[in-house]
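>>> Quick check, what structure comes out for this input:
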Amino acid sequence: MSTPEAPADQTSTSGAAAPETLFAFQFPSDPQVSPDGRRVAFVMTRIAEASDRPTDDPDYSRPRYRSRIQLSDGGPAQDLTFGKGTDGLDTAPLWSPDGGSLAFLSDRAGRNQLFLLPLRGGEARQFTTFKAGVSGAAFSPDGRYLSFLSGGDAHDRRDERGEARAVTSVRYRSNGRGMLPGQPAGLYLHDLQSGETVLWCAPALDIADYVWRPDSGGVLLVSSASEEAAVRWQQEVFELELGQETPRQLTRWAAPLGNLAAHPDGVRFAAVGRPPGSVNTEDLHVFLFGPGGEGTRLDVGWDRPAGNIVAGDLHVGRFPDRPVWADSHTLRLLYTVGGSVGLFDLGLEGVSLEGTVTPCLHDPRRVVTGFTAIGDRLAHISESATEPTEVYLNGVKVTDCAASLPFTPLSPSLVTFRNELGEGEGWVLLPPGPGQARGTVQPGQVPALLSIHGGPHTAYGHGFMHEFQLFAQAGYGVCYSNPRGSVGYGQRWSDDIAGRWGSVDMADLLSFFDAALAAQPRLDAARTGVMGGSYGGFMTNWITSQTGRFQVAVTDRSICNLISFGGTSDIGMRFWDDELGGNFQRSPDVPKLWDMSPLKYVERVTTPTLIIHSLEDLRCPVEQAEQWFAGLQLHGVESRFVRFPEENHELSRSGRPDRRVRRLQEYLDWIGAHLKA
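Numbering: from 1, shown residues only. From the prediction side, this is the model:
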């Protein structure tokens, strides 16, 4: 590996980040506060050797994720389970309403099954054996029932047996899931008194979310009214009562909805989503629905999106963000504010129900990645640009994941830029300078890398990025920002790239990069690179097809042909309608989509380009990378195409550990070969 100005003996053991330092991280997730608010159960995932893999081949990489349930009462967390399954995965802890037992999922019986562990002593008891596995468990508030989702004993082995499939629906596959089953997962009900398990509801379409009513008389669930509505991301809320098998539709919303929160009055409910008639550029907000299904936006005066939408690469597992009613007038939930995420209280006021948003737990330099709450008792996970994810119970940190890091994280510096809408945010992460006794000491100028986030409606910010720490400690200045289209800065900022990808967003990115070069004299303007994934990969392709100012590029899970994307992506049927106001199957729209496709301009590219893509990526299908590579090769552009098997769109965030390390090493090798001193 060649990196700029790096000592020959520099390794991870000397205090600098390296690809393999990923193996040292711990990944806490899914914090669940107990009913009395005094304990927290959560999942702790580590990377360890897979004992059931071949050991006689020294070239076979064996590190895999292993997860256990841990428990804390405010002191250091202790193991509650030990991950003894096929892949060593115990996940999804769930408190019984009386706090006496904990349900969880485990693969110790093959596919994930439900187990119930009495906390006063005794062994965990398995009570599902479905071939399709189990997900989405929830206790009824009275503690009598445990509901869950499962495909039952259906076990589709057609691919395994090499059999043909007949597809009759446009929704037949999904990133991370692969081919969708012919029958969506059903909602099951386990009676904890009688021990009986029954199929409660066999839905026609996927149940995307559900919650119990406060009186335990039934559930509210999110699905779509028809196949066509599902293709168009139009969702509704349904009610399913105990003793019934067919849900009753409550809303006529025809827009994305989720994260249901049943109001304590048992009649109303809140949901996070977008208003009817909106498109993908619309920020997520909170709506309150009455018994007739009519919805009213609560956070009208708050121009920030609901949820955590800030990037981070330590998010292995589940991070709950369902809003919680602190009382009958206060809804507690996450909001993204600039590059930060905090917990806020949305108070219902007056007849109009227009809520007032006030901070409950918000540090403008931190990100709350997930939480659960009971009244004022709170369990959450928080991180910053220099502190990895940690679990907190009522304000007390109960994990010490930072102690396992073999390097000291570097701190980024804020760099702002301006456009016609106002001021934008960005950051620069520099290698240690002279006199800093850690990592790779860089006495002179260092190459500058422009990193572009995906989405486009996500954000960079104060989340921990092992990847950025790695590049900085290898001797590069990492420059990352939130151009127009990013979230957290108001609806106008999110909207402004609608219909014009590759225009004002490119202008913002280059304006920020110029501002970073001017603000940080250590950045070498003559040695620069550009990189990004998903939408960031699209922008990397676009920028290198429009300008030759960068000496190297890395395009990851990218898009280059907007026309073919429409028919091959799992979201392609609707995505360009939302983002660009056109679609691939309408002939008048095709010229516009082609004009906005980097592939149209591939003959202009001169930048040496590394292409990273996963073979099972159904969000940005691998055919996009194949087209870009073929175009570069045919035009004589130095290029390298690295294809990862068995991985999907999430490789960089939660892919198999050894493959994540290989991806990072490919970055370092390629960039180092072209930007070395």
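>>> chain center to stretch 28-41: distance?
Relative to its chain's centre, stretch 28-41 lies at 22 Å (CA atoms, centre = their mean, to the nearest Å).
>>> Give the buried residues for it.
For stretch 28-41, a neighbour-count test (16 or more other CB atoms under 10 Å) marks 28-35, 37, 39-41 as buried. From N, CA and C alone the C-beta is placed, and that goes for glycine too.
>>> Stretch 548-568 now?
Neighbour counts over stretch 548-568 (16+ other CB under 10 Å) mark 550-566 as buried.
>>> I'd like the mean pLDDT over it, please.
Per-residue pLDDT values over stretch 548-568 give a mean of 97.
>>> Contacts only, for the nearest residue to residue 484 once chain neighbours are set aside.
Leaving aside its chain neighbours, residue 484 sits nearest to residue 496 (4.2 Å; criterion: CB to CB, 6 or more residues apart in numbering). Neighbouring residues of residue 496 by CB atoms under 8 Å, 6 or more residues apart in numbering: 421, 484-485, 504.
>>> out of these, which are buried?
Members of the contacts of residue 496 classed as buried by 16+ other CB under 10 Å are 484-485, 504.
>>> hmm, what's the outermost residue in the protein?
Note on the chain: the largest C-alpha distance from the chain mean falls to residue 194, namely 38.8 Å (CA atoms, centre = their mean).
>>> and the gap between it and residue 144?
9 Å (CB to CB, to the nearest Å).
>>> Then residue 457 would be within a helix, right?
No. Read with DSSP: H, G, I helix; E, B strand; the rest coil, residue 457 is coil and lies in no helix.
>>> my guess is it meets residue 494, correct?
Yes. The pair formed by residue 457 and residue 494 meets the contact definition of CB atoms under 8 Å, at 5.8 Å.
>>> what do these two both touch?
281, 283, 485-487.
>>> Please, a ChimeraX command that selects the buried ones among these?
Buried members of the shared contacts of residue 457 and residue 494, defined by 16+ other CB under 10 Å, are picked up in ChimeraX with:
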select :281,283,485,486,487
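>>> Save the shared contacts of residue 457 and residue 494 as JSON lines, and put in distance to residue 316 too.
Converted to JSON lines, the shared contacts of residue 457 and residue 494 look like this (distance: CB to CB, whole Å):
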{"residue": "281", "distance to residue 316": "29"}
{"residue": "283", "distance to residue 316": "27"}
{"residue": "485", "distance to residue 316": "27"}
{"residue": "486", "distance to residue 316": "24"}
{"residue": "487", "distance to residue 316": "23"}
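>>> in the helix or strand bottoming out on mean pLDDT in the chain, what counts as buried?
Ranked by mean pLDDT, DSSP states H and E, the weakest helix or strand in the chain is helix 158-161, scoring a mean of 84. Buried residues in helix 158-161, counted by 16+ other CB under 10 Å: none are found.
>>> before we move on, the earlier item: among the buried residues of stretch 28-41, which are in strands?
28-33, 40-41 (DSSP state E).
>>> Out of the residues you listed, flag the one nearest to residue 581.
residue 29 (37.7 Å; CB to CB).
>>> Surely that closest one touches residue 316?
Yes. Here residue 29 reaches residue 316: they are 6.5 Å apart, a contact under CB under 8 Å.
>>> Need the overlap of contacts for these two.
Counting by CB under 8 Å, 6+ apart, the residues touching both residue 29 and residue 316 are residue 45.
>>> where along the stretch 51-200 of the chain do the strands fall?
Remark: strands assigned in the stretch 51-200 of the chain by DSSP state E, counting those that start in this stretch are 63-72, 78-79, 90-95, 101-106, 113-118, 125-126, 135-139, 145-150, 173-174, 178-179, 186-191, 197-201.
>>> Thank you kindly, that will do.
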